[in-house]
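**Q** Generate a structure from the sequence data that follows.
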Amino acid sequence: MALFQVSGWDLKNETVAVGGTGAKKKSNREKKRARQQIKELEKSQQSEDVAEQEDEIIKEIDEPEKEEKKIKKEKKIKKRKHEESEKSSSTTSPAAAIVNPTVDAPIPITTQKLTPLQQKMMAKLSGSRFRWINEQLYTISSEEALSLLKSQPSLFDEYHQGFRSQVQAWPENPVDVFVDQIKTRASQRPINAPGGLPGFPDKKVVVADMGCGEAQLALDVNNFVKQYNAQGAKKKFSKGNNNKRLQTGPKTLEIEVHSFDLKKHNDRITVADIKNVPLPDGSCTVVIFCLALMGTNFLDFIKEAYRLLAPRGELWIAEIKSRFTESSEKKTVKPEDVGQEFVDALKLCGFFHKKTDNDNKMFTRFEFFKPPQDIIAERNAKLERRKKFIEQESEKEDLETKRAQTPEGKWLLKPCIYKRR
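**A** From the prediction side, this is the model:
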């Protein structure tokens, strides 16, 4: 069958439509030329089809190869980053001998633009990272914790980022409770008066915030003092018959706050192991531990507080209630007895117990004070009359013996380990 028809001749039967012999030869030449054109056309069309097929085949082969190369490249980049991370985080410090962050710790999370699902997964990873760091700080000594954070300063920031997320779910923050307590006692009673803040003879109050975190307490107290002094002391007039003017607070306040923690997050913080801070003996009137008894050797922190406090100075402590409920050897613990074993241990460190506040569902707050020498002498005389002085000294020795065998962070207070979710 002919592909196309040329005017004047028939390709099928090769009959001449018009003219004689010359016309026939001419027609034959035109036929030959036409056939050659047809072959060339068919050949070019076939080559184009083949070329298209080859392109499709090459494309099908190339795309998996490119994808495979891309995956291999990404794997190499991840491997190189992991090796660099291991190299940078390896350490020979005492803390590294106990925990190896490159092995045990979750991989640090980088911030980038993420989808909602990725953000949810990232939040879970961040929570896992926070729980790991928190567990280390509760299960190693303060010296090891200081070495750990010096070798990896980013752990401090990661921990407090996770801690802020935890605080948002709490009914109240113990730091805010202590700040409110300072504000109330400072504004409603004179310094050193019953119900007022303890201070030095010149009415100056010096606070040591041990394990301060981001030193929020110092910031809030400093702002309060500035505002108070700018407005002047508020005064009230009684409505009684005498109509006497009653001063509800000092005319001016002088409250100095020293903040100590394992990393200098801001200029308010002094880096120190809180069992040994750079302040002289008797230089403070209030020492605060707000969720800061984290090392396994936390009774060393209490002894340091005793050294820092001036006579009649106060020790304020807030701790998560779950750390106390099962710490006693008793099978059942009454709500009013929560923390009693802890209180008894601090008494053996020289403190007098003022109050325990168990009203909050999550936290227990304690207040102690350092007795002056005359009260200590009077108390020892009473104990001697009751023949209990020797018994108390024996209890102190037993406490130190038990600490030497097993750190108090493993039996006096449970570590605060957050549940995995």
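
**Q** so residue 129 makes contact with residue 163?
**A** No: using CB atoms under 8 Å, residue 129 is not in contact with residue 163; the gap is 11.7 Å. The C-beta positions use only the backbone N, C-alpha and C, and glycine is treated the same way.

**Q** and these two? which has more neighbours close in?
**A** Set residue 129 next to residue 163 and count neighbours by other CB atoms under 10 Å: residue 129 wins out with 20 against 15.

**Q** what helix or strand is the more buried one on?
**A** Following DSSP states H and E, one finds residue 129 within helix 116-139.

**Q** Low-confidence ranges, the stretch 201-350 of the chain, go.
**A** Counting by pLDDT under 70, the stretch 201-350 of the chain shows low-confidence ranges at 233-248, 325-337.

**Q** again, 90 this time
**A** Scanning the stretch 201-350 of the chain for pLDDT under 90 picks out 213, 231-251, 263, 265, 295, 320-341.

**Q** in it, which spans are strands?
**A** With strands called from DSSP state E, counting those that start in this stretch, the stretch 201-350 of the chain shows them at 205-210, 235-237, 245-247, 255-261, 269-271, 284-290, 309-320.

**Q** can you list the domains in the chain?
**A** Under the assignment automatic domain parsing, the domains of the chain span 1-89, 95-166, 173-410.

**Q** List the contacts of the closest residue to residue 183 other than its chain neighbours.
**A** Leaving aside its sequence neighbours, residue 183 sits nearest to residue 224 (CB to CB, 6 or more residues apart in numbering; 5.4 Å). By CB atoms under 8 Å, 6 or more residues apart in numbering, the contact set of residue 224 is 179, 182-183, 186.

**Q** Next step: these restricted to helices.
**A** 179, 182-183, 186 (DSSP state H).

**Q** Test my guess that residue 254 contacts residue 203.
**A** Yes: using CB under 8 Å, residue 254 is in contact with residue 203, at 6.8 Å.

**Q** need the ones in helices among the contacts of residue 224 in TSV with neighbour count, distance to residue 349 and pLDDT, can you?
**A** Listed next are the ones in helices among the contacts of residue 224 as TSV, based on neighbours: other CB atoms under 10 Å; distance: CB to CB, whole Å; pLDDT from 0 to 100:
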residue	neighbour count	distance to residue 349	pLDDT
179	20	26	97
182	23	24	97
183	17	29	96
186	22	27	94
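
**Q** Can you get me a residue count around the closest residue in space to residue 212 that isn't next to it in sequence?
**A** Nearest non-adjacent residue to residue 212, counting by CB to CB, 6+ apart: residue 259, 3.9 Å away. Neighbourhood size, residue 259 [other CB under 10 Å]: 26.

**Q** what sits against residue 259?
**A** 209, 212, 215, 217-218, 268-270.

**Q** swap in residue 395?
**A** residue 348.

**Q** wait, is it part of a strand?
**A** No: per DSSP: H, G, I helix; E, B strand; the rest coil, residue 395 lies outside any strand segment and is helix.

**Q** Can you check what pLDDT the model gives it?
**A** For residue 395, the pLDDT comes out at 83.

**Q** cool, residue 81 as well?
**A** For residue 81, pLDDT reads 73.

**Q** number of nearby residues for it?
**A** With other CB under 10 Å as criterion, residue 81 counts 12.

**Q** and it, what does it touch?
**A** No contacts exist for residue 81 under CB under 8 Å, 6+ apart.

**Q** Give the helix, strand or coil label for it.
**A** Reduced to three states with three-state DSSP, the structure at residue 81 is helix.

**Q** Give me the distance between it and residue 188.
**A** 58 Å (CB to CB, to the nearest Å).

**Q** Over to residue 134?
**A** From residue 134 to residue 188 the distance is 37 Å (CB to CB).

**Q** Comparing the two, which residue is more hemmed in?
**A** Using other CB under 10 Å as the criterion, residue 134 and residue 188 rank with residue 134 on top: 19 against 14.

**Q** related to what we said a few turns ago, show the average pLDDT along the helix holding residue 129.
**A** 71.

**Q** Buried residues, the very next helix or strand once past it. List them.
**A** Later in the chain than helix 116-139, the nearest helix or strand by DSSP H and E is helix 142-151. Under the neighbour-count criterion of 16 or more other CB atoms under 10 Å, helix 142-151 has 142-149, 151 buried.

**Q** Ok, stretch 199-214 next?
**A** Those buried within stretch 199-214 under the rule 16+ other CB under 10 Å are 199-200, 203, 205-214.

**Q** Repeat that for stretch 339-359.
**A** Burial within stretch 339-359, assessed by neighbour count using 16+ other CB under 10 Å, is assigned to 339-343, 345-346, 348, 350-352, 356, 358.

**Q** which one among those residues gets closest to residue 369?
**A** residue 352 (5.4 Å; CB to CB).

**Q** Mind listing the residues bridging to that closest one?
**A** Beta-bridge pairing of residue 352 under DSSP bridges involves residue 369.

**Q** Identify the residues contacting it.
**A** 368-371, 375.

**Q** ok, now how distant is the closest residue to residue 255 other than its chain neighbours from residue 269?
**A** Of all residues not flanking residue 255 in the chain, residue 205 sits nearest, at 4.5 Å (CB to CB, 6+ apart). With distances taken as CB to CB, residue 205 is found 20 Å from residue 269.

**Q** same deal with residue 263?
**A** Applying CB to CB, the value for residue 263 to residue 269 is 7 Å.
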